[in-house]
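In: build me a model from this:
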Amino acid sequence: MQNEILFFTKKTIMKKPYKKLIFILIFFVVLSCNPKSEKHMKFIPPQPEKVNKEIVTHGDSRIDPYYWLNERENPKVIEYLNKENDYKDSVLLHTKDFQDSLYNEIVARIKPNDETVPYFLNGYYYYARFEEEKQYPIYCRKKDNLQANEEILLNVNDLALGKKYCSVANISVSNNNSLLAYSVDFVSRRQYTVIVRDIVSGKEYPNTIENTTGELIWANDNNTLFYNVKDTVTLRSFRVKKHKINESEEKDDIVFEEKDDTYNTFLSKSKDMKYIFVGSYGTMSSENYLISADLPDSKPILFNAKDNKFLYTLEHFQDKFFILTNKDALNFKLMSCSENDLKIENWKEIIPNRNEVLLEDFDVFKSHLVLLERENGLKRVRIINMENKAEHNVKFNDPTYNVFFSRNMNFNTEILRYEYTSLTTPRTTYDYNMNDKSQKQMKQEFVLGDFKSENYISERIWATASDGIKIPISIVYRKGLKKDGNNPLLQYGYGSYGFSTEADFSSVRLSLLDRGFVFAIAHIRGGQELGRQWYEDGKMLKKKNTFSDFIACTEMLINEKYTNSDKLFAMGGSAGGLLMGVVVNDRPDLYKGIVAAVPFVDVVTTMLDESIPLTTGEFDEWGNPKNKAYYDYIKSYSPYDNVKKQDYPAILITTGLHDSQVQYWEPAKWCAKLRDFKTNDNPVLLYTNMDTGHGGASGRFERFKQVALQYAFILDLVGISQ
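Out: Presented below is the predicted three-dimensional model:
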C-alpha cells in the first residue's frame, strides 16, 4: 500500500535480519507505552497517476494531469479515493478517540425524543417527531385537535432499513385527506422517486415515478399529482408532468417544458389552494403559468413570460394576485393585479422599491400584510393592517440574528407564526398576535447539558474592504474571553448566489466555543445581506470582491485581537469551498488550517462542460467561459488553475462520491495538485464519503461524525486534544 509507515532509514533496514527484528520489537514496545507518538510518524500520501490532458480554449492551453479522475466507474478511481480515506485515517489516527468523544458530546446535546410544533391544515394537525436512537423523522397527524389519536403517515426509519442513505424531500396529502405522496432518494444524487400510499390501508400504489426533484403538488381532484422531471445527465429539471395515480408513469402528460438549458422548472400551490403555479426560473428571470387546482387538465395560462427579464413569485388571495418582483426594482417590490386582468401594465404597486431595504418575502392574511425585510444587514418583520393601514415592526434585541416565517396556512387569523434564532439563542417558534402585539413561545430547541444563553456573547463588527466598502462580521464567543490576540478562531464564509449566511444558533458549535474558540461569520459580497447590490457586486466579473472581502475580514479579526494567524482557521462549503481555495492561494500566511467541504474548485473546466449538473444554469452567476472575457477572469481565480509553489496551511477537504452539485473529482484533483506544489510539510487530507452526496450523511446523528472529524482536525492543530 502507498500509505505505508516509514519506520527506518534504508541504512538501518539493510543491517542483519536479527537486528532488524529487535528494532521492530523495540519500536512497538515504545509505541505501546506512548500512543501519542503516532502523531509524529510520517506517512506517504497516495499519488494518483498523471495522465496529461490538454484543454485548449481561446487558443490558451491548460494541462490537467488528473482529468482522468472524473471516470466515476473506473475501478482505479475508486481505489484511489479509498487510499485517500486510508491516508486520512492514518494521519489523524491519534485523534480517533477525540473524534469519538466529540461526536458523543455533540449528540448528547440533542433531545432524543422530540417533535416539531404542529400546524393545522384541512382538518388535521401535522407534525414530525423523533424517537430515541432513531436517525429519521416520523411524520404524523391528529384529526381536529391535539388530544386525538395519532396517525403515522410515514416512518422514515422504516424506509431507511438496510439503506446507507435515505432522504425524504417532500410529503403531500391529498385534498380529501386519504392519500399520501412522498419522494425519497436512496443514492444521495437528489433524484427522487415518488410513491403514493393509501393512508388508511397503508397500501402503496405500484406506479412509482422516477427521477424527479422531489417537489409534489396535488390537484383538488385527489387523483392528479404534479411533479418535476430531471434530465438524467445534467440533472436539470426541465419538465413539469402530471400523474394519475392509477396509471403508469409512461402515460403521464407533459404540462410544461423548458427548452432553454439555463433555466429550471418549478411548481407550487397558492395558499388558498385555488391555483397551481408551474414555470421556470433562471438567475435573472422567471416565468409562471396558472392552472386551476380544481381543473388540473385545463390548459395552463401564462402569467408573464421570462423574456421580460425580471424575477417574480406569486401568491393569491380572494380575487387578487400578489407579485414579489424586481421589475424596475433592484431590491424588489410588491405589486398586485386582478385575477381577471394579468396584463403587466395593469399591475399596481403596493410596496415600492427602496434603495436601502431589501424585500425578501411576504405573507398575506385576511386583515394583514406581513413583510420580511432586510436593512443594514439585519432582518425585520413588518406588519401592515390592511384595514386601517397602521403598521409596526416586531422587535428583536440581539446584535445579530435570523428570523423567518414558519408555516402560516390559515388566511383567517390574526396570528403570525415565525421562528427566531441568534448566535446565542436556540431556534424558537413564536405565535405573534398581529393586533395586540402579544406573542407566545410555542417551542425552543432544547439543548441538553449545562447550556445557558447568558454564558455567551455575540457581536457585530465591520471590516473595511480594499475598495472601502464596509463588511459586517457576526461573532460569538464564551463570556470571559480576553481579546488579547491569543484565541483560536474559526471564520466561516460563503458569498454566492445571493444566499445570505445567517447568524443562526448551533449547539454543535458549542464544542468549539467551550474550548475557547471565537466563531465569526464574514457576510461578504456575493450574498444578499446588504441588499441585491451586495449580490450583484460579488458575481460575474466582480466575483473577486467575494474573496478580497473575506481576507479583509480575516485581517480585521487579527487587528482587533480576536486571534492571530497561527490560531486562525477558515471553513466554507460548495461555493464557500471555492472561497477557501482562492484565499488559501492568495493569502496562505493568514491561516493555520482550512476546512473545504464539497469545494467547487475547478471552475474553468466545469463551466466549460455543459453535461455536468448545474453548469448551464449558472452562466449568469460565474459567466460563460466560452466568452473569452469570462474565461480569462474565471481562470485568474479558479483555485485548481492557480495552485502555486508556496507554503500552504494544513487543509482538510471533504466530498461525497455521489455529489450532484460539485462532482467528487474537483476536490480530488485539487488535493493531488496541492500536494504536488506545496513547499512545506503541512498535511493536505481528502475524505470522500463513498455513500453520500453534496449534503453528507442523511441520518439525524450520523451527519455529526463528519463534523467531529472536522473539529478534531482543527482542535488538534492548536494542541487541544480533549
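In: going forward, measure contacts between C-alpha atoms and count neighbours the same way
Out: Will do.
In: by mean pLDDT, which helix or strand of the chain comes out lowest?
Out: Lowest by mean pLDDT, DSSP states H and E among the helices and strands of the chain is helix 10-13, with a mean of 28.
In: quick one, phi psi at A575?
Out: phi -60, psi -30 (degrees, to the nearest 10).
In: mind starting the numbering at 266 from now?
Out: In the new count, where the first residue is 266, that last one comes out as A840.
In: leaving out the residues flanking it, which one is nearest to it?
Out: Leaving aside its sequence neighbours, A840 sits nearest to F865 (Cα to Cα, 6 or more residues apart in numbering; 5.6 Å).
In: does that neighbour touch V847 like I think?
Out: No: applying Cα atoms under 8 Å as the test, F865 and V847 come out as separate, 10.6 Å apart.
In: out of the two, which sits in the busier spot?
Out: Between F865 and V847, counted using other Cα atoms under 10 Å, F865 has the larger neighbour count: 27 against 24.
In: what distance do you get for the more buried one to E319?
Out: Taking Cα to Cα, to the nearest Å as the measure, F865 falls 21 Å from E319.
In: same thing with R790?
Out: Where E319 is concerned, R790 sits at a distance of 34 Å (Cα to Cα).
In: quick one, what contacts N662?
Out: Contacts for N662 (Cα atoms under 8 Å, 6 or more residues apart in numbering) come out as none.
In: who's in contact with the helix or strand N435 falls within?
Out: When elements are assigned from DSSP states H and E, N435 belongs to strand 432-438. By Cα under 8 Å, 6+ apart, the residues outside strand 432-438 that reach it are 421, 444-451, 453, 457, 479-483, 963.
In: could you chop this protein up by domain?
Out: 266-302, 466-574 (automatic domain parsing).
In: how about the strands in the stretch 716-865 of the chain?
Out: Counting by DSSP state E, counting those that start in this stretch, the stretch 716-865 of the chain has strands at residues 721-729, 735-743, 754-757, 783-787, 833-838, 858-862.
In: any idea which of those strands is most buried?
Out: Most buried of these by mean neighbour count (mean count of other Cα atoms under 10 Å) is strand 858-862; its value is a mean of 28.
In: that one vs strand 833-838, what angle?
Out: When axes from the mean of the first three to the mean of the last three Cα atoms, to 10 degrees is applied, the directions of strand 858-862 and strand 833-838 differ by 10 degrees.
In: CA atoms only for the next helix or strand after strand 858-862, dumped as PDB, please.
Out: Per DSSP H and E, the first helix or strand lying C-terminal to strand 858-862 is helix 868-873. Taking C-alpha atoms only, helix 868-873 is exported to PDB below (Å, rounded to 0.1, in the frame of the first residue of the first chain):
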ATOM      1  CA  VAL A 868     -14.200  26.400 -12.100                       C
ATOM      2  CA  VAL A 869     -13.000  26.800 -15.700                       C
ATOM      3  CA  THR A 870     -13.200  23.100 -16.600                       C
ATOM      4  CA  THR A 871     -16.600  22.600 -15.000                       C
ATOM      5  CA  MET A 872     -18.100  25.700 -16.500                       C
ATOM      6  CA  LEU A 873     -16.900  24.600 -20.000                       C
END
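In: R725 is in contact with I736, isn't it?
Out: No: checked against Cα under 8 Å, the pair R725 and I736 is beyond contact range at 10.2 Å.
In: about what we covered before: could you dump the domains of the chain to TSV with mean neighbour count and distance to Q709?
Out: TSV is the format used below for the domains of the chain (neighbours: other Cα atoms under 10 Å; distance: least, Cα to Cα, whole Å):
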stretch	mean neighbour count	distance to Q709
domain 266-302	12	42
domain 466-574	19	26
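In: lowest average confidence across these, which one?
Out: Averaging pLDDT over each of the domains of the chain singles out domain 266-302 as the lowest, with a mean of 34.
In: circling back: for V494, find the nearest of the strands of the stretch 716-865 of the chain.
Out: V494 sits nearest to strand 833-838 of all those, at 27.1 Å, using Cα to Cα.
In: packing partners for the closest one?
Out: When contacts are defined as 3 or more Cα pairs under 8 Å, 6 or more residues apart in numbering; DSSP states H and E, strand 833-838 sits against strand 754-757, helix 840-851, strand 858-862.
In: out of the ones you listed, flag the one nearest A594.
Out: In terms of Cα to Cα, the element of the helices and strands packed on strand 833-838 nearest to A594 is helix 840-851, at 26.9 Å.
In: which residues does that closest one contact?
Out: By Cα under 8 Å, 6+ apart, helix 840-851 touches 758-761, 811-813, 815-816, 835-837, 856, 859-866, 902-905, 907-909, 913-914.
In: repeat that for 7 Å
Out: 758-761, 812, 816, 836-837, 861-866, 902, 904, 907-908 (Cα atoms under 7 Å, 6 or more residues apart in numbering).
In: any idea how far N317 is from K608?
Out: From K608 over to N317 (counting by Cα to Cα), the distance is 57 Å.
In: same question, D946
Out: According to Cα to Cα, D946 and N317 sit 26 Å apart.
In: quick one, what contacts D701?
Out: No contacts exist for D701 under Cα under 7 Å, 6+ apart.
In: quick one, phi/psi of it?
Out: The phi/psi pair for D701 (degrees, to the nearest 10) is phi -100, psi 0.
In: distance check, it against I648.
Out: Counting by Cα to Cα, the gap from D701 to I648 is 12 Å.
In: keeping just the C-alphas, turn stretch 905-920 into PDB.
Out: C-alpha atoms of stretch 905-920 as PDB (Å, rounded to 0.1, in the frame of the first residue of the first chain):
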ATOM      1  CA  TYR A 905      -7.200  24.500  -9.300                       C
ATOM      2  CA  ASP A 906      -5.700  26.600 -12.000                       C
ATOM      3  CA  ASN A 907      -3.800  28.800  -9.500                       C
ATOM      4  CA  VAL A 908      -2.200  26.400  -7.100                       C
ATOM      5  CA  LYS A 909       1.400  27.600  -6.900                       C
ATOM      6  CA  LYS A 910       4.700  26.600  -5.300                       C
ATOM      7  CA  GLN A 911       4.400  28.100  -1.800                       C
ATOM      8  CA  ASP A 912       3.800  27.100   1.800                       C
ATOM      9  CA  TYR A 913       0.200  26.100   2.400                       C
ATOM     10  CA  PRO A 914      -1.600  25.700   5.800                       C
ATOM     11  CA  ALA A 915      -3.000  22.400   6.800                       C
ATOM     12  CA  ILE A 916      -6.000  21.500   4.700                       C
ATOM     13  CA  LEU A 917      -8.900  19.100   5.200                       C
ATOM     14  CA  ILE A 918     -11.100  18.500   2.100                       C
ATOM     15  CA  THR A 919     -14.300  16.600   2.200                       C
ATOM     16  CA  THR A 920     -16.600  15.400  -0.600                       C
END
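In: so what touches the helix or strand where L939 lies?
Out: Using DSSP H and E, L939 maps to helix 930-942. For helix 930-942, contacts defined as Cα under 7 Å, 6+ apart pick out 331, 334-335, 863-867, 905, 908-910, 918, 920, 949, 951.
In: from the chain's centre, how far out does it sit?
Out: 23 Å (Cα atoms, centre = their mean, to the nearest Å).
In: and the next helix or strand past it?
Out: Scanning forward in sequence from helix 930-942 by DSSP H and E, the next helix or strand is strand 949-954.
In: buried residues in the helix holding L939?
Out: Residues of helix 930-942 classed as buried: 930-940 (neighbour count, 16 or more other Cα atoms under 10 Å).
In: for that helix, list the C-alpha coordinates in PDB.
Out: C-alpha atoms of helix 930-942 as PDB (Å, rounded to 0.1, in the frame of the first residue of the first chain):
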ATOM      1  CA  TRP A 930     -13.300  14.800  -8.800                       C
ATOM      2  CA  GLU A 931     -12.900  18.500  -8.300                       C
ATOM      3  CA  PRO A 932     -11.800  18.200  -4.700                       C
ATOM      4  CA  ALA A 933      -9.800  15.000  -5.500                       C
ATOM      5  CA  LYS A 934      -7.800  16.700  -8.300                       C
ATOM      6  CA  TRP A 935      -7.300  19.800  -6.100                       C
ATOM      7  CA  CYS A 936      -5.900  17.700  -3.300                       C
ATOM      8  CA  ALA A 937      -3.400  16.000  -5.600                       C
ATOM      9  CA  LYS A 938      -2.300  19.200  -7.100                       C
ATOM     10  CA  LEU A 939      -1.800  21.000  -3.800                       C
ATOM     11  CA  ARG A 940       0.500  18.100  -2.700                       C
ATOM     12  CA  ASP A 941       2.400  18.500  -5.900                       C
ATOM     13  CA  PHE A 942       3.100  22.200  -5.300                       C
END
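In: noted, bye for now.
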